[in-house]
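Asks: fold the following.
(one chain, ligands or ions: 3)
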Amino acid sequence: MNRRVLVLNSGSSSVKYRLLDPADGGIVAGGIAEGIGEPTGRLTHQHGGTEAVDDDPIPDHEQALRRVLTAFRDHGPDLESVPPAAVGHRVVHGGRRFSDPTVVTDEVCAAIDRLTPLAPLHNPANLTGIEVARKLFPDVPHVAVFDTAFHATIPAAAHTYAVPPEWRDRHGVRRYGFHGTSYSHVARAAAAELGAEVTDVNLIVLHLGNGASACAIRGGVSVDTSMGLTPLEGLVMGTRSGDLDPAVMMHMHRAAGMSAVELDHALNHESGLRGLAGDNDMRRLRARADRGDRAARLARDVYCHRIRKYVGAYLAVLGHVDAIVFTGGVGENDDGIRAGGLAGLHHLGIALDAERNARGETRVSTVASPVAVLVVPTDEELEIARQSLAVLDARNRPGDAAPPE
Ligand SMILES: Nc1ncnc2c1ncn2[C@@H]1O[C@H](COP(=O)(O)OP(=O)(O)O)[C@@H](O)[C@H]1O
Ligand SMILES: CC(=O)OP(=O)(O)O
Ligand SMILES: [Mg+2]
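Replies: Residues are numbered from 1 along each chain as shown. Ligands and ions are numbered 1, 2, ... in the order given. Alright, predicted model coming up:
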């Protein structure tokens, strides 16, 4: 039986996609449509060891997904003759309502739309992807998998902001947390590496990609995380500031006349590594720092200092920690950031092995380190595919009541 899942991660100007078989994690095909709505666009499709590139402009998300289907038809495998068993969609913000993967209906789409004020940069693009894909695959079940879902277990003491009651009650102001599919995947993989059940381990996971966050995991469930109402809080990111005194915004409003829209743009797109050193690509910053570039060095120092603060905080939150886990493009590849982020924490039982770290082994701590330090690749697409099939299997199980959605 065909159990392949097409996973779509629709962003504001790109659609990443992957066709995979969750049974063995095998990637059948995948690619990315980039520069949607921009003068230059590119679709890169990979299948069977070959890569096809199409540089025609891509006016909108509908055209992007139509072009993805054409790439599947031209370069394989043809999705029109063998459609996927399901389409799994990444949705960044699930608000208070969605704490499980959810089969998409018109009503679910309307609910995702209502969450747009909480994730203005992410949810509209996710929803457009869902709507276009439902038109193109009307007979296939679509499942929404939410970045926020994994954090539904965070206790009130950790997810509540100390703000006036109507902010919390009427406007949904609280910590939600993101990168949940990554944490779910990485926590299981890290537990396997430790030779334990995920329900038996306490972890601090650092997801360091373009967006970056930290998560405190107790017995396999999230008990605190660094991103908050939106994916802006917490660690320093590629283009986002992370933690900031909220008064900075009022100051910039008063001192420079910046509007809410301008502040939103500056903090989400012109800050972080880009704000500190003019570039959000950690590979290039590392090369510059190695050549002695002061702005690049400062950017990496600020980035590492913030990581160290969160590691210290989550050691205190968890009490006992089995492992600190690095994942994401930076976490998996940049040994300098791993070393800088954990520098000086020997007294807390965290000892990195410099050579293992430089080689990027799975276990980069010393044999004697009381807390293990691991490098575990994330795979958000595989996790979305698995969760999508799991919810459909549960729905189809004979005798089971229909789920609420
Ligand atoms: N070898 C490497 N060394 C340092 N940084 C790297 C390396 N490879 C990728 N990165 C960085 O990882 C970041 C992107 O991470 P990724 O997890 O792919 O992002 P996204 O959030 O878009 O999925 C970029 O800053 C990139 O420079
Ligand atoms: C939620 C978030 O930050 O996502 P990304 O890392 O894809 O930007
Ligand atoms: Mg990512």
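
Asks: how far away is the closest residue to ligand 1 within the stretch 101-250 of the chain from residue 281?
Replies: Closest approach between the stretch 101-250 of the chain and ligand 1, counting by C-beta to the nearest ligand atom: residue 209, at 2.7 Å. Every residue, glycine included, has its C-beta placed from N, CA and C. Shown here: residue 209 relative to residue 281, a distance of 12 Å by C-beta to C-beta, to the nearest Å.

Asks: ok, for residue 191, nearest residue in space, not its chain neighbours?
Replies: residue 198 (4.0 Å; C-beta to C-beta, 6 or more residues apart in numbering).

Asks: need the contact list for the one you found.
Replies: When contacts are counted by C-beta atoms under 8 Å, 6 or more residues apart in numbering, residue 198 touches 187, 188, 191, 219, 220.

Asks: of these, which pair is most distant in space?
Replies: Spanning the widest gap among the contacts of residue 198 are 188 and 219, at 12.7 Å by C-beta to C-beta.

Asks: which of the two has more neighbours?
Replies: Taking other C-beta atoms under 10 Å, residue 188 and residue 219 do not tie; residue 188 has more neighbours (16 against 13).

Asks: can you confirm the more buried one is in a helix?
Replies: Yes. Residue 188 forms part of a helix when assessed by DSSP: H, G, I helix; E, B strand; the rest coil.

Asks: with adjacent residues omitted, what lies nearest to it?
Replies: Using C-beta to C-beta, 6+ apart, the nearest residue to residue 188 is residue 198, at 5.1 Å.

Asks: tally of neighbours for the nearest residue to residue 66 once chain neighbours are set aside?
Replies: Once flanking residues are discounted, residue 66 sits nearest to residue 136: 7.2 Å by C-beta to C-beta, 6+ apart. By other C-beta under 10 Å, the residues close to residue 136 number 17.

Asks: residues of the stretch 51-200 of the chain that sit close to ligand 2?
Replies: Counting by C-beta under 6 Å from any ligand atom, the positions of the stretch 51-200 of the chain adjacent to ligand 2 are 92, 147, 178, 179.

Asks: got the phi/psi numbers for the most centrally placed residue in the chain?
Replies: By C-alpha atoms, centre = their mean, the chain has its centre lying nearest to residue 179, at 3.4 Å. Backbone torsions of residue 179, given as degrees, to the nearest 10, read phi 60, psi 20.

Asks: surely it meets residue 211?
Replies: Yes. Counting by C-beta atoms under 8 Å, residue 211 is a contact partner of residue 179 at 6.9 Å.

Asks: near ligand 1, which residues of the stretch 301-405 of the chain?
Replies: Residues of the stretch 301-405 of the chain lying close to ligand 1 (C-beta under 6 Å from any ligand atom) are 328, 329, 330, 333, 334.

Asks: please name the nearest non-neighbouring residue to the last one.
Replies: With sequence-adjacent residues excluded and distances taken as C-beta to C-beta, 6+ apart, residue 334 is closest to residue 282, at 5.9 Å.

Asks: kindly report the same for the second one.
Replies: By the measure of C-beta to C-beta, 6+ apart, the closest residue to residue 329 outside its immediate chain neighbours is residue 209, 5.0 Å from it.

Asks: look up how far residue 316 lies from that neighbour.
Replies: Using C-beta to C-beta, we find residue 209 at a distance of 26 Å from residue 316.

Asks: which one's more surrounded, the two?
Replies: Neighbour comparison, residue 209 and residue 316: the larger count goes to residue 209, with 19 against 10 (by other C-beta under 10 Å).

Asks: so what's the backbone phi/psi at that one?
Replies: phi -120, psi -140.

Asks: surely it and residue 328 touch.
Replies: Yes. When contacts are counted by C-beta under 8 Å, residue 209 is listed as touching residue 328 (3.6 Å).

Asks: could you tell me which residues touch both of these two?
Replies: Common neighbours of residue 209 and residue 328, using C-beta under 8 Å, 6+ apart, are residue 378.
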